[in-house]
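Asker: How does the following fold in three dimensions:
(chains A and B)
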Number of protein chains: 2
Amino acid sequence: MVKIKRALLSVSDKTGIVELAKVLQDFDCKIISTGGTNKVLKEAGIKVTDIQNVTGNSEAFGGRMKTISFNIESALLFDREKDREEAKNLNIEPIDMVVCNLYPFAKVKKQNAGFETLVENIDIGGPTMIRAASKNFKYVVTIVDVKDYNTVSKEMIENNGSLSYETRFKMMRKAFNHTADYDALIATTMDEQAGKRSLRLAFTDGKKLRYGENSHQEGYFYREIGAKKSLANMKILHGKELSYNNLADIQSAVDSVKYLNRFGCAIIKHNNPCGLAEGDNQREVFQEAWNGDPISAFGSIIAFNKPVDLNTVEFLNLNNEKKRLRKFVEVIIAPEYTEDALEYLQFHKNLRVIEFDPQESKQNFEIKYLSGSLLMQDCDEKLYDKLENVTEEQINLVSEKELIEFGIKAMRQVKSNSIIIVRESGINSLQLLGMGAGQPNRLISTKLAIKKARENMKKEFDFFVQKTEINSDGHWELYEKDQFSKSILVSDAFFPFADNIELAAESGIRKIIQPGGSIKDKAVIKKCNELGVAMVFTGIRHFKH
Amino acid sequence: MVKIKRALLSVSDKTGIVELAKVLQDFDCKIISTGGTNKVLKEAGIKVTDIQNVTGNSEAFGGRMKTISFNIESALLFDREKDREEAKNLNIEPIDMVVCNLYPFAKVKKQNAGFETLVENIDIGGPTMIRAASKNFKYVVTIVDVKDYNTVSKEMIENNGSLSYETRFKMMRKAFNHTADYDALIATTMDEQAGKRSLRLAFTDGKKLRYGENSHQEGYFYREIGAKKSLANMKILHGKELSYNNLADIQSAVDSVKYLNRFGCAIIKHNNPCGLAEGDNQREVFQEAWNGDPISAFGSIIAFNKPVDLNTVEFLNLNNEKKRLRKFVEVIIAPEYTEDALEYLQFHKNLRVIEFDPQESKQNFEIKYLSGSLLMQDCDEKLYDKLENVTEEQINLVSEKELIEFGIKAMRQVKSNSIIIVRESGINSLQLLGMGAGQPNRLISTKLAIKKARENMKKEFDFFVQKTEINSDGHWELYEKDQFSKSILVSDAFFPFADNIELAAESGIRKIIQPGGSIKDKAVIKKCNELGVAMVFTGIRHFKH
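Answerer: As a prediction, the model looks like this:
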């Protein structure tokens, strides 16, 4: 424990400084302070020594020289054991606490200050004090964050004016993180001013995961320093530890539902949404997302964009006597759960239940880390530039707008080449019916999407037939044609040839959304006209790799 | 221009300091210096003022106090115009140059120094000088890198002892980047010492790309600060600017070939290798990689692991009169090109020709940036834990080892769920014959891989028939069975059910490599035994998303 006998207070943000000084004074701690801080403390009736009496120099050069001096830095830096005699001989009296926040470089930057103002707001004396005191944390405590005043005051009160090693070490680490952040911002800002781009990213609270993408890889999860919206804010309400792959999939899951307006549900497998639905009834939406790929949905990661109730999660059949009828999933994410829903989900011991609002997920940019280098880009937030009918047959852009937008949102989350098929299903809900992901050849993505859509339609047809016991002869073909004709096929990039159109038309698809922009657009449009297909150009490609 | 009349030299690394001081002396620049630097300079016959004569204080507290003083920092910080009078009154004489490198915190850290040594190696005086001088760069130059001594000396010689604004500004930016790096390392190291993980990444030389993954996204490419092996080191020998997607694909391309021992070639489309081959003849290897997916290969990114000659690149047919016979690709990467190969490649105006050795690509880790957070992991470098025959039929682990390892290397680069089929082809070369990538359902990946392999075999069969004009009746089925039986199917993760085995066996595949580890392993092995399939477990999963 170190008794705080002498403290140096020099803050640009005066919040809470008087209260802290009062605590210090109560323990007979002498207070040294600089210009503005001095004034505030004196007005509050606190006894302060002006820093000039310690430095031996007046404030000089328009405030550029206030604290830096042999006396102040010695008082912070000298070893209280080894250097005791030397300090005495040099008349250096120890300072045990530095409370300092730096010139508000970040703030003036945000206010788009000019170059001169930016430079003037580079603090020199502050970081010197902070770094000196922190280096000597064995004897000195450094406080750089207003939020720490309370805990420090409390600890002093509990310990008759002393602070523990743990606190001093913690504050020291905070201080070096603070000066690192400060100089990072100065460095990137000055580079920017010179027309150079540099980038500094900082993460903390690293948590070792059981392993990385695979068990022979180590994996870690960090929180970004300063990020208010963060996946790291999620609350695990139930279930075992999240894995590396879970976390990556959770991001895809929340991204898949966060842009949906009504009840939304996304089902993620291997980082792609294999199920997605939006509608007015959450239980129905869950069911329709699930039916997008009921095989892959087993072991998936599922996100909802609205609070979840019991009726919805009962779809999982977790307490069914027949184990094979229970739907096993890895993770469920929702902004909230009703009490009974949460209780129900706990039927499954291993299921991770996460409380997190997809709206609280925000990336300022996307990055891809390469060998000794980095790609960075804006997030893909724009849906389309235009919706333009380019064929003789037309898509009704008013009545179909919701489905078109849902389709683009679904396609945008699927890895390229991505082709998806969406339809209106059930009572006014929208469903991802089939998706083709990650293929080097667009034609194969189209085939995959159509095949999956057909499979899903066949399943629902068979279910209907079984239930009604009608004679199904010939009806399947009719049902298939009808469903495909009402669906929309969405492509993430333009079609380089007309073969995709032929394939889609053959299955009965009559509506296609794609960016356009190929040199073969004319041939593609011609093929649509030949085959009676309506096609809309959006003007925007949505690659995602 | 600022004439350098007085310089402060204080370096822990003494390299080149004497030469620099001599230049300074030639221009009658007064030199102030600290302990060790002082000694070296004096021994070289250079006139130096000891810093104590400027600070007015002796070095104190075991060297913790050397430079920090009102006098030194004032001499660096005061405004040469506004504060001229004040400085004169305070007897402050300007210092126009600081040459300083910091206590070698990084070095002692690398040497696994203990906590006390680490803390002792936190430099306080150095950063103070550097930051003060840099803030006042309008009048002062700061040199923190030995590599800059030469350029600065040269500029002084050219300008009669003066340095330009550009140089001072540049050095100032370098200095703040340096202190930012320095405190970043201290912060993360101290966190580490407290059992906390933090992570700070720094990138520079950011280049604005035409756009990001899509044209409505802004995109940038940065070099990692301090990275020796970097994709940013590549040389563009020919062709237009690289795009965001090109750069991401180049990483996949070099990763795909860097682990191959003989001539290797990878063909990348949408971040997956759709073609990969290894062998003794580069031209043949190129051809076999291409034939892995000759449709997707158009517009692809291609990497070689060895210097490329004319014979190899002539496979592209770039100067063929018939335009449709020319093979258009986006990017070619190789460690070197023969002169005639490079000349040949320039037949295509837009083709980017990149000189880069895949061996010069190294990632220390992989990261995935999520909302306000980050996933970090080791790279997936290990091929397998074991090669264990688990079925009655056995794979010869000696004669087939090369093909097995090639297969795992190919599979490891393909997005999950990934199933690939490889075979020995041509004269002792290995080929990726079919791949299924990025599917939520493993069965579909298997189907895709088999389908592509069959397509490729059919093409070569038809070509052979056409060439030889033999009667092909019934021969195709024989050829297909024969080729499949010699191929190996590799899965990135275990098979959860036996259905994949049935599918593979049905097509004629007789050899399967997979990690094993499913609760259904027994059933899967039983199915292999029933169907006469040999299966080897590797013990290692290779997810890649």
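Asker: check contacts around A:Gly434.
Answerer: Neighbouring residues of A:Gly434 by C-beta atoms under 8 Å, 6 or more residues apart in numbering or on different chains: A:Gly292, A:Ile420, A:Ile421, A:Leu448, A:Ala449, A:Ile450, A:Lys451, A:Lys452, A:Ala453, A:Arg454, A:Glu455, A:Asn456. C-beta: built from backbone N, CA, C; applies to glycine.
Asker: Out of those, list just those in helices.
Answerer: If you go by DSSP state H, these have A:Leu448, A:Ala449, A:Ile450, A:Lys451, A:Lys452, A:Ala453, A:Arg454, A:Glu455, A:Asn456 in helices.
Asker: want to throw these into JSON lines with neighbour count?
Answerer: Shown next, in JSON lines, are these (neighbours: other C-beta atoms under 10 Å in any protein chain shown):
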{"residue": "A:Leu448", "neighbour count": "25"}
{"residue": "A:Ala449", "neighbour count": "30"}
{"residue": "A:Ile450", "neighbour count": "24"}
{"residue": "A:Lys451", "neighbour count": "15"}
{"residue": "A:Lys452", "neighbour count": "25"}
{"residue": "A:Ala453", "neighbour count": "28"}
{"residue": "A:Arg454", "neighbour count": "18"}
{"residue": "A:Glu455", "neighbour count": "14"}
{"residue": "A:Asn456", "neighbour count": "24"}
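Asker: Of those, just say which sits nearest to chain B.
Answerer: If you rank those by distance to chain B using C-beta to the nearest C-beta, A:Leu448 comes first, at 7.0 Å.
Asker: Please verify my assumption that that closest one contacts B:Ile444.
Answerer: Yes: in this structure, A:Leu448 is within contact of B:Ile444 by C-beta atoms under 8 Å, at 7.0 Å.
Asker: The residue in the stretch 251-400 of chain A positioned nearest to chain B and B:Glu381, how far apart?
Answerer: Chain B sits closest to A:Gly372 of the stretch 251-400 of chain A, with a gap of 2.7 Å, by C-beta to the nearest C-beta. Distance, A:Gly372 to B:Glu381, by C-beta to C-beta, to the nearest Å: 17 Å.
Asker: One more: A:Gly434?
Answerer: In terms of C-beta to C-beta, A:Gly434 sits 37 Å off from B:Glu381.
Asker: Ok, A:Asn320 next?
Answerer: Taken as C-beta to C-beta, the span from A:Asn320 to B:Glu381 is 44 Å.
Asker: With A:Asp482 instead?
Answerer: Distance from A:Asp482 to B:Glu381, by C-beta to C-beta: 53 Å.
Asker: cool, A:Arg84 as well?
Answerer: Distance, A:Arg84 to B:Glu381, using C-beta to C-beta: 53 Å.
Asker: again with A:Arg324
Answerer: Counting by C-beta to C-beta - A:Arg324 and B:Glu381 are separated by 39 Å.
Asker: Ramachandran angles for A:Phe221?
Answerer: phi -120, psi 120 (degrees, to the nearest 10).
Asker: what's near enough to touch it?
Answerer: Here A:Phe221 is in contact with A:Gly206, A:Lys207, A:Leu209, A:Ala232, A:Leu242, A:Tyr244, A:Leu247, B:Ser373, B:Leu374, B:Leu375, B:Met376 (criterion: C-beta under 8 Å, 6+ apart).
Asker: May I have the one helix or strand the first one maps to exported as CSV, CA atoms only?
Answerer: Think A:Gly206. For A:Gly206, the host element (DSSP states H and E) is strand A:197-208. Once non-C-alpha atoms are left out, strand A:197-208 reads as follows in CSV (Å, rounded to 0.1, in the frame of the first residue of the first chain):
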residue,chain,number,x,y,z
ARG,A,197,-3.2,7.0,-44.9
SER,A,198,-2.2,5.1,-41.9
LEU,A,199,-4.4,3.0,-39.6
ARG,A,200,-4.1,1.9,-36.0
LEU,A,201,-6.5,-0.5,-34.4
ALA,A,202,-6.6,-1.4,-30.8
PHE,A,203,-8.3,-4.2,-29.0
THR,A,204,-8.5,-5.2,-25.4
ASP,A,205,-10.1,-7.8,-23.0
GLY,A,206,-8.7,-10.6,-25.1
LYS,A,207,-10.3,-13.9,-24.2
LYS,A,208,-8.6,-17.2,-25.0
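Asker: Partner strands of that strand, with direction?
Answerer: Using DSSP bridges, strand A:197-208 pairs in its sheet with strand A:219-224 (antiparallel), strand B:197-208 (antiparallel).
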